[in-house]
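>>> I need the structure of the sequence given here:
(chains A and B)
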Amino acid sequence: MKISEVPQDAIKTMHGLKKALYAVDDRGEYMRTTTRGWETEEIVLTQVIDDFKVKAAAAAARVRRGETSPIEYFMNKKWMDPRTLAQAMGLFRWQVKRHFKTAVFKKLDGQTLTGYARLFGVSVERLTHFSGED
Amino acid sequence: MTAFMRLEHRQYAHCESGVVTALLRDRGLDLSEPMVFGIAGGLTFAYLPFIKITNMPIVAYRMFPGAIIKGVAKNLCVQFETRRYSDQGKALAELCALVDAGQCVGLQTSVYWLPYFPPEMRFQFNAHNLIVYGREGEEFLVSDPVFEQSVRIRAEDLQNARFARGTLAPKGLLYYPVRVNPEIDRTVAIRKAIGRTVRMMLYAPLPFIGIKGIHCMARRIEGLKGGDSRYARLYLGHIVRMQEEIGTGGGGFRFMYAAFLQEASRLLGSAPLEEASRMMTQVGDRWRLFALACARVCKGKTVDFDAGEIAGLLRQCAAQEKLVYTFLKSVKL
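All right, here's what the predicted structure looks like:
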């Protein structure tokens, strides 16, 4: 890739930041240069974020109907799946999935709730009182 | 509470090679980032369908995290002090003691907990490297190699980032070079490193590593035909995200390796290496075409796509990349 071909698409996901990369100048010499992002990377990044947004909205609707706990909503909101969430919490996946059950969630001890709240970046209050408003 | 402002911040393309380059430079061994990447044998291709991250296979265009530190230690005879911690308090105390004494240290962190990252990038990725070079009050001064400017981070956030749990958990990993030989003969290291990378890419005895790995992924893409098209799109997007990982310019580290080959050709006075660098640049461009085609598929939500065509583009990457390695193999360095 020539320096003149380095994409400068000023993509939203980079918030005006620049990344460094290596490209060749007109004489074929490699140089360090910068990019304001490539549309391609924005497409694939937005794609996965949108996918999580859809899942979070679906989870919020299920929270409203009392079919799942806020854990599932915040998990998707923070772009995690049950496996990643379990690992980040130091739990087994089946434990996390069990915490999706509203009856189990209501009985969760303070320590576990604090752990989830800390990971999701919300207060325990917000986590336990979340009623499905997305 | 003294701040040591002696580390001059520079932006690099990739976090681990950037941190190692900066730390070595601080100790008098001034190498370029591509040189560090190449000598450490940073280039690879690995398609690991049996290890999942958020339900997607691991696709790696560079060696696993930590490999560059290890590779530099081995090939440039640099001795690193490395520490992992089970006690978070001790980790913080030792970090403070080191930076107060003027030592720049590399840390492994999770981007999920780094507030200065753009929100769209804060996934659960636990192997981001950065340098701490001082502190002021409750804040640490950070030289994060993928950012244009140096940044600051609160001690609390840094603690969270150092002790994130999950795949590749950093466990507080802290490292810095203790013995560096600025006069080390690079030519020997370069010859060995190129040989190793070529052997791995051509002859790794596993079907998902090197050129074979690229073909393996191509077969998997063909297998997406007729399946769940939503999943197929996410799958292709995932591959490109791995390829577009910070600073590769979309070429999955191939441009960085081409830059290494060019610098190596000058150091060794070897014209064929210059040719290999040009070939590798074309390989990077080919990977970009593949990424572009995948992104088009991701964007087009309604029309069905041709999985065979995507797989074909990937096979072209494999074929062209194979040419570079077989050429390098034939060159007498």
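>>> The residue of chain A most remote from its centre and chain B, how far apart?
Within chain A, the residue lying farthest from the chain centre (CA atoms, centre = their mean) is A:R27, at 42.2 Å. Between A:R27 and chain B the computed distance is 11 Å (CB to the nearest CB, to the nearest Å). In this view, the C-beta of every residue, glycine as well, is placed from N, C-alpha and C.
>>> Doesn't that residue lie inside a strand?
No - using DSSP: H, G, I helix; E, B strand; the rest coil, the assignment for A:R27 is coil, not a strand.
>>> ok, residues contacting stretch A:54-68?
A:69-70, A:72-73, A:75-77, A:100-102, A:130-134 (CB atoms under 8 Å, 6 or more residues apart in numbering or on different chains).
>>> again, only this time at 10 Å
Around stretch A:54-68, the neighbours that count as contacts under CB atoms under 10 Å, 6 or more residues apart in numbering or on different chains are A:69-79, A:81, A:99-103, A:105, A:130-134, B:230.
>>> In helices, which of these appear?
A:70-77, A:99, A:102-103, A:105, B:230 (DSSP state H).
>>> any idea which of these has the most stuff around it?
A:I71 (29 neighbours; other CB atoms under 10 Å in any protein chain shown).
>>> Look up how far B:D228 lies from the residue nearest to B:K225 when sequence neighbours are not counted.
Once flanking residues are discounted, B:K225 sits nearest to B:A307: 4.4 Å by CB to CB, 6 or more residues apart in numbering or on different chains. Relative to B:D228, B:A307 is positioned 12 Å away (CB to CB, to the nearest Å).
>>> which one of the two has more residues nearby?
Neighbours per residue, other CB under 10 Å: of B:A307 and B:D228, the larger number sits with B:A307, 21 against 10.
>>> Which SSE is immediately downstream of the strand ranked longest in chain B?
For chain B, the strand with the greatest residue count under DSSP state E is strand B:43-53. Using DSSP states H and E, the helix or strand that directly follows strand B:43-53 along the chain is strand B:56-62.
>>> okay, the angle between that next one and strand B:43-53?
Angle between the axes of strand B:56-62 and strand B:43-53 is 160 degrees (criterion: axes from the mean of the first three to the mean of the last three CA atoms, to 10 degrees).
>>> what's the following helix or strand after strand B:56-62?
Remark: after strand B:56-62, the chain's next helix or strand is helix B:67-75, criterion DSSP H and E.
>>> Show me what the following helix or strand past that next one is packed against.
Sequence-wise, the next helix or strand beyond helix B:67-75 is strand B:79-83, with elements assigned using DSSP H and E. Under the contact criterion of 3 or more CB pairs under 10 Å, 6 or more residues apart in numbering or on different chains; DSSP states H and E, strand B:79-83 touches helix B:67-75, helix B:88-100, strand B:105-109, strand B:174-179.
>>> outside of the last one, which residues touch it?
Yep, that's strand B:174-179 we're talking about. Contacts for strand B:174-179 (CB under 10 Å, 6+ apart): B:19-20, B:23-24, B:26-29, B:66, B:69, B:72-73, B:76-85, B:91, B:94-95, B:98, B:103-108, B:129, B:131-132, B:162.
>>> Now, of these, which are buried?
Buried subset of these (neighbour count, 16 or more other CB atoms under 10 Å in any protein chain shown): B:19-20, B:23-24, B:26-27, B:29, B:66, B:69, B:72-73, B:76, B:78, B:80, B:83, B:85, B:91, B:94-95, B:98, B:103-108, B:129, B:131-132, B:162.
>>> thinking again about what came up before, how far away from the center of its chain is the longest strand of chain B?
Centroid separation for strand B:43-53 versus its chain: 14 Å, with CA atoms, centre = their mean, to the nearest Å.
>>> ok, now stretch B:183-202?
How far stretch B:183-202 lies from its chain's middle: 18 Å, per CA atoms, centre = their mean.
>>> So it, near chain A or not?
No - using CB under 10 Å from any CB of the partner chain, we find that stretch B:183-202 stays clear of chain A, coming within 15.4 Å at best.
>>> Could you list the buried residues of that stretch?
Those would be B:186, B:189-190, B:193-194, B:197-198, B:200-202, for stretch B:183-202 by 16+ other CB under 10 Å.
>>> Quick check: B:K322 touching B:G213?
No - look at B:K322 against B:G213 with CB atoms under 10 Å: they stay out of range, at 11.8 Å.
>>> Between the two, tell me which one has more neighbours.
Set side by side, B:K322 and B:G213 show more neighbours around B:G213, with 22 against 18, by other CB under 10 Å.
>>> Now do the contacts for that one.
By CB under 10 Å, 6+ apart, the neighbours of B:G213 are B:44-48, B:59-60, B:201, B:204, B:206-207, B:318.
>>> sorry, back to before: I'd like to know which of the helices and strands packed on strand B:79-83 is closest to B:Q11.
strand B:105-109 (16.1 Å; CB to CB).
>>> After the closest one, which helix or strand is next?
strand B:128-136.
>>> C-alpha coordinates for the next helix or strand after that following strand, PDB please?
Once the chain leaves strand B:128-136, the next helix or strand it forms, by DSSP H and E, is strand B:139-143. This file holds the C-alpha atoms of strand B:139-143, laid out as PDB (Å, rounded to 0.1, in the frame of the first residue of the first chain):
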ATOM      1  CA  GLU B 139      -2.800   9.300  38.200                       C
ATOM      2  CA  PHE B 140      -0.200   7.300  36.300                       C
ATOM      3  CA  LEU B 141       1.400   8.700  33.200                       C
ATOM      4  CA  VAL B 142       0.900   6.300  30.300                       C
ATOM      5  CA  SER B 143       2.600   6.000  27.000                       C
END
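>>> Strand B:139-143 pairs with which strands, and in what direction?
strand B:128-136 (antiparallel), strand B:151-154 (antiparallel) (DSSP bridges).
>>> how about the helices and strands packed on strand B:79-83 in CSV, adding mean pLDDT?
Below are those laid out as CSV (pLDDT from 0 to 100):
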stretch, mean pLDDT
helix B:67-75, 96
helix B:88-100, 97
strand B:105-109, 97
strand B:174-179, 97
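>>> out of these, nearest to B:P145?
So among the helices and strands packed on strand B:79-83, strand B:105-109 is nearest, using CB to CB, at 9.8 Å.
>>> name the helices or strands packed onto the closest one?
helix B:15-26, strand B:79-83, helix B:88-100, strand B:128-136, strand B:139-143, helix B:155-162, strand B:174-179.
>>> if I've got this straight, B:Q11 is in a strand?
No - under three-state DSSP, B:Q11 falls outside any strand and is assigned coil.
>>> Counting neighbours, what do you get for the residue lying closest to it once chain neighbours are set aside?
Leaving aside its chain neighbours, B:Q11 sits nearest to A:A20 (4.6 Å; criterion: CB to CB, 6+ apart). Neighbourhood size, A:A20 [other CB under 10 Å]: 22.
>>> A:A20 in helix, strand or coil?
Three-state assignment for A:A20 (three-state DSSP): strand.
>>> residue contacts, it?
Taking CB under 10 Å, 6+ apart, we find A:A20 in contact with A:32-35, B:10-14, B:18, B:33, B:145-148, B:246-247, B:249.
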